[in-house]
Each structure stands twice: as C-alpha cells, then as structure tokens.
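Novice: here's a sequence, model it:
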Amino acid sequence: MDKTTYIGIILNTSKKETVGSIRAIVNLLESNNFSPVLLQEEAQNCHLSRLGLEREKFLREISYLITLGGDGTLLRGARLVGDRNIPILGVNMGRMGFLTQINMEDFPGLISCLKEKRFSLEKRRGLITEVERESFFALNDSVVLRKNPFRIIELKVSINGEYLTTFSADGLIISTPTGSTGHSLSAGGPILHPEVEGMIIIPVCPHTLSHRPLLVPSSSRVEISCLSPGGVSVVCDGQVGSDAGANVPIKVMSAPFDTLLLRFTRLNFYHLLREKLSWKGHSGKE
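Specialist: This is a model prediction of the structure:
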C-alpha cells in the first residue's frame, strides 16, 4: 500500500463478544499497515479513544467499513455510508448472518486478500422512504405499523400514481430482495435471489384472505396512506423511522445508489439458504 488506508469499524457495543474482539481486529489491521478508526462514542466505549473520529471526518477518511456484530450492525453501516460507495465487510457475531458471511475466526486469513484487493463487490439496492419532510434509507425493508396494538388499520396503496387496493391489516412491509429473508419472510413473503430487481409488498395479517404478497418492478413508486384515525408508525430496517398521521402520504422507492458489500468468495445464495434456514433433504447423489 503506497498511502495510508483507513478502515472504519462500527460495532454492536451491547454485545460483550464484539467489544472483546475489537482490540484483536485493531491490532491485526495495524500490524498489516492499515489504519483502523472508530466513531468517537464507540471508541470511548471500547477504551480506544485514540482511534475515535467524529462522523463526517470518519466518512471522509475511510476506504472500507467493517461491521462487527450481526446483520443489524451491517444495516446500520449501510445507512451510515449511504451513497458514498464505501465497501462494507460484515463480520458475523450474531445468529443468522445472511449479510455478514465471515466469522471472526476467518478474518485473519483474509487480511492479505484485503491488502492485495483480491475481492469482489456485490451491489445491493435499498429503499428510500419519505414521510412529509423526512427521508430514510433502508437496505432491507420499510414497515408501516399500526400504533394501536388491538385494532387493524386501513392502508390505501397506489403504485406509480395508480390505485392498487386498500389493505385492512396489522401493517404493510415494503421489502428489497436483500430483505426478503428477514421480516418479509416471517410475514409470508417469498424469498428472492439478491440479483432479482424488484420490491415486495406484503400485508401483515391481512383481514381479506385474497390479499397476497406482490412483487413489483424496482422502478415503482409506492405511496401508502393510512385511512384510520391515529395514523401509523413507519420503521426502516427496524432501526429508524417516524410517525405519520391519518391521510399523510408515505412514499417508498428504490434508492438511487447501490450499497457495496465486500466479498472474498462469490456468494452461493442457495448454500446460504440451506445453512441459515436449516433446510433438510438430500441431493440424490450417493
């Protein structure tokens, strides 16, 4: 490396194992002539204040971002880097790990690949959700939820300005292919290969049995408005969001940029499904 390569690290500080592992990652990166940096607050929580940078400088300096935790930490990392084209490497210390495919024990053996840039970049398209004057990014999904847990809500949905239907349901999920193995799957949505372009619209516990998940093109603009008093909550990737009153339009569309995931081996999505979802059976080969 001819010049200093800064590598950002974010982590789930609520997990003891991630805080315990951060020093090993920092030492490994520094011994290989990388310069690891953390966000100021997380650096202080890990007693590594010397590596802390304020958010804007952190994003200006780093060439890569390592997320240490589970898929939720990677989703937070994707929101943090936004449209800056910073590749993200997820180190899995969670349970499922659909996005964070390498484990802590794999990391030391991959440092030389990182130094020599022997990796590929996988593009994932997220969502932009607009609620009045606020805008939120999500890599997995945007969810519209009832605020009163004991009542269903009516959600009017239009696509590209054309009325689709009014769902009577507990809520509505708009999912990317990346998010199809998350909340969408739990609500009965289909699993999509990440290279499929589209958005899934899934009613949550619909009152009408004919209402089913719908796959629409990624170019679609989905508009949702709650017809029930009291409004709804809008949650993106389970982490950020806003409330929307009755008849306030909620607009969901594909993000105008890709999230870049750093891969050392080509993603075998079908192997990943078998492993993470514990699918059983045999191939017929002896």
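Novice: what about residue 147, neighbour count?
Specialist: 14 (other C-beta atoms under 10 Å). No exception for glycine: its C-beta is placed from N, CA and C like everyone else's.
Novice: residue contacts, it?
Specialist: Counting by C-beta atoms under 8 Å, 6 or more residues apart in numbering, residue 147 touches 230, 231, 232, 233, 243.
Novice: rerun that using 6 Å as the cut-off
Specialist: 230, 233 (C-beta atoms under 6 Å, 6 or more residues apart in numbering).
Novice: distance of it relative to residue 170?
Specialist: Distance, residue 147 to residue 170, using C-beta to C-beta, to the nearest Å: 11 Å.
Novice: swap in residue 197?
Specialist: With distances taken as C-beta to C-beta, residue 197 is found 28 Å from residue 170.
Novice: pick out whichever of the two has more residues nearby.
Specialist: More neighbours surround residue 170 than the other of residue 197 and residue 170, with 19 against 13 (other C-beta under 10 Å).
Novice: next, work out how far apart the more buried one and residue 213 are.
Specialist: For residue 170 relative to residue 213 (C-beta to C-beta), the value is 15 Å.
Novice: how is the protein divided into domains?
Specialist: As recorded under automatic domain parsing, the domains making up the chain are 5-119+264-276, 126-256.
Novice: weakest of those domains in terms of mean pLDDT?
Specialist: The weakest mean pLDDT among the domains of the chain belongs to domain 5-119+264-276, with a mean of 91.
Novice: that one: how far from the chain's middle?
Specialist: Distance of domain 5-119+264-276 from its chain centroid, counting by C-alpha atoms, centre = their mean, to the nearest Å, is 14 Å.
Novice: likewise stretch 138-157?
Specialist: That offset, for stretch 138-157, works out to 19 Å (C-alpha atoms, centre = their mean).
Novice: residue numbering should commence at 53 henceforth.
Specialist: Got it, first residue is 53 now, which makes that one stretch 190-209.
Novice: now do the buried residues in that stretch.
Specialist: 190-198, 204-205, 207-209 (16 or more other C-beta atoms under 10 Å).
Novice: ends of stretch 192-203, what's the gap?
Specialist: 26 Å (C-alpha to C-alpha, to the nearest Å).
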